[in-house]
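**Q** Fold the following.
(one chain, ligands or ions: 2)
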Amino acid sequence: MNILLLGSGGREHAFAWKIVQSPDCSNLYVAPGNAGTADIATNVSLGITDFEAIKNFILAKEIGLVVVGPEEPLVKGIVDFLQNQPETAAVPVVGPSQLGATLEGSKDFSKRFMMRNGVPTAAYETFTASELEEGLSYLEKQKLPIVLKADGLAAGKGVLICLTLEEAKSSLKEMLLDQKFGEASSKVVIEEFLTGIELSVFVATDGKNYKILPEAKDYKRIGEGDTGLNTGGMGAVSPVIFADEAFMRKVEERVVKPTVEGLSKEGIPYKGFLFIGLMNNNGDPFVIEYNVRMGDPETEAVLPRITSDFLGLLKGIATGTLANYNLEISKDYATTVVMVSGGYPGSYEKGFPISLPKEHSGSVIFHAGTAFNSQGELTNQGGRVLAITGQGKTLAEALNHAFSTVNSITWNKAYFRKDIGQDILKLNR
Ligand code: AMP
Ligand code: GLY
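**A** Residues are numbered from 1 along each chain as shown. Ligands and ions are numbered 1, 2, ... in the order given. I've put the predicted structure just below:
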């Protein structure tokens, strides 16, 4: 089978790494890919939202499965586009329909979906610019802190946690009137602040059946001790010690089942991954958000724990045959440390040569923002550059493997968080 994978991050390198291990993979193409995917597959320079070019490529290379990594093409409707073209209508695609992708593309849509389907989540109201006065008086009646969310996609920056009423009121005005997050904040969800410990649960679904993949915890802030600016993610750990069996059963009964049933009942076509951001509040799960794709860097910790054929899982999702797939998960730990360009998530310099160790047993090196320069040297070309996953029988062993590889890699101004996993290690004791 020839496969086309869209995306260029660490998540996509991890997908590619798993796919090429499958006996059913003939040719894997990654668009646009990175230096890591170039090593194990064929990179193609297609734009991930250039649907016409993607269609032509699918036909030219006789692609039998399309896998969409990031949210942008999904929210823009790539799945509907390919299904509506007679030539590509029969090609299986891993990814939800545009309506399904609205679970990530609009916070208001996803909150309404949760309410209709009885999925536990924070209490909320949504306001537009013409409802500013109502929004301000709603704020006066709420407890602090209070959470303000831009309705649309805002590159992970559209959530504000306001500690005072003044801050909340001025932020609401900035979002609605001054378009602080552009078009994304033309609607704002005002939401109750949830307390507890956060984790991410990943679900593969063909719209009717589902499989729960290993859960993970990520580290969003740039600085150690969860300080500083938000990033795409600086590390991940799987499994998560506080997500015990009793908690995961509640997640399945209260969150996963009603979500998948809701999609099916409401006629929302969804053949893809669903990433559920959860708060564990005294042992009860509350949904913070849905994403319609796998997480990055969580994927780099989750996929190494899947021991059954990953391409089989992808085919099950895309062809509606997930019920026949036997998912097998290793009990081992996986922990991912992301190495970034100095300055990220602000501005940073690109093009510094990176040297990778030949020997790095117990760990896998996933590439994100990497490319070869004209002399054939590996260089940093993005904010998040490498994601190093250590594996082990214990969390401590997995962390040792990850960090010993991280410590053997460097480039000018490289940065990483040394405290990934330390909080969980403490809970473990
Ligand atoms: P989101 O983009 O919805 O994932 O929000 C980004 C981050 O803001 C989440 O990962 C949480 O850490 C935090 N957050 C979002 N909503 C809430 C909430 N209702 N209560 C507490 N923290 C929240
Ligand atoms: N690591 C969080 C995300 O992928 O959105």
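
**Q** Could you look up the next helix or strand downstream of the strand or helix carrying Val94?
**A** Val94 is part of strand 93-96 when elements are defined by DSSP states H and E. Moving toward the C-terminus from strand 93-96, the first helix or strand encountered (DSSP H and E) is helix 98-105.

**Q** still on that earlier bit, name the residues of the strand holding Val94 that come out as buried.
**A** By neighbour count, with 16 or more other C-beta atoms under 10 Å as the criterion, the buried positions of strand 93-96 are 93-96. Any C-beta I mention is one placed from the backbone N, CA and C, and that applies to glycine too.

**Q** Including distance to Val255 and pLDDT, could those residues go into TSV?
**A** Shown next, in TSV, are the buried residues of strand 93-96 (distance: C-beta to C-beta, whole Å; pLDDT from 0 to 100):
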residue	distance to Val255	pLDDT
Val93	25	98
Val94	22	98
Gly95	21	98
Pro96	17	98
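
**Q** Could you give me the buried positions within the helix or strand where Glu125 lies?
**A** Secondary-structure element containing Glu125, defined by DSSP H and E: strand 124-128. Applying a neighbour-count criterion of 16+ other C-beta under 10 Å, one finds 124-127 buried in strand 124-128.

**Q** Of the residues you listed, which is the nearest to ligand 1?
**A** When the buried residues of strand 124-128 are compared for distance to ligand 1, the smallest value, 8.1 Å, is given by Tyr124; criterion: C-beta to the nearest ligand atom.

**Q** residues contacting that closest one?
**A** Contacts were defined as C-beta atoms under 8 Å, 6 or more residues apart in numbering; by that measure Tyr124 touches 111, 189-192.

**Q** Please repeat the previous calculation with a cut-off of 10 Å.
**A** Tyr124 is in contact with 107-108, 111-112, 114-115, 138, 147, 149, 189-192, counting by C-beta atoms under 10 Å, 6 or more residues apart in numbering.

**Q** Repeat that for Pro92.
**A** Under the criterion of C-beta under 10 Å, 6+ apart, the contact list for Pro92 reads 1, 63-67, 82, 271, 314-321.

**Q** nearest to ligand 2, of the residues you listed?
**A** Within the set of the contacts of Pro92, Val67 lies nearest ligand 2; the separation is 16.1 Å, counting by C-beta to the nearest ligand atom.

**Q** what mean pLDDT does the host helix or strand of that closest one have?
**A** Secondary structure assigned from DSSP H and E places Val67 in strand 65-68. Summarised as a single mean, pLDDT over strand 65-68 is 98.
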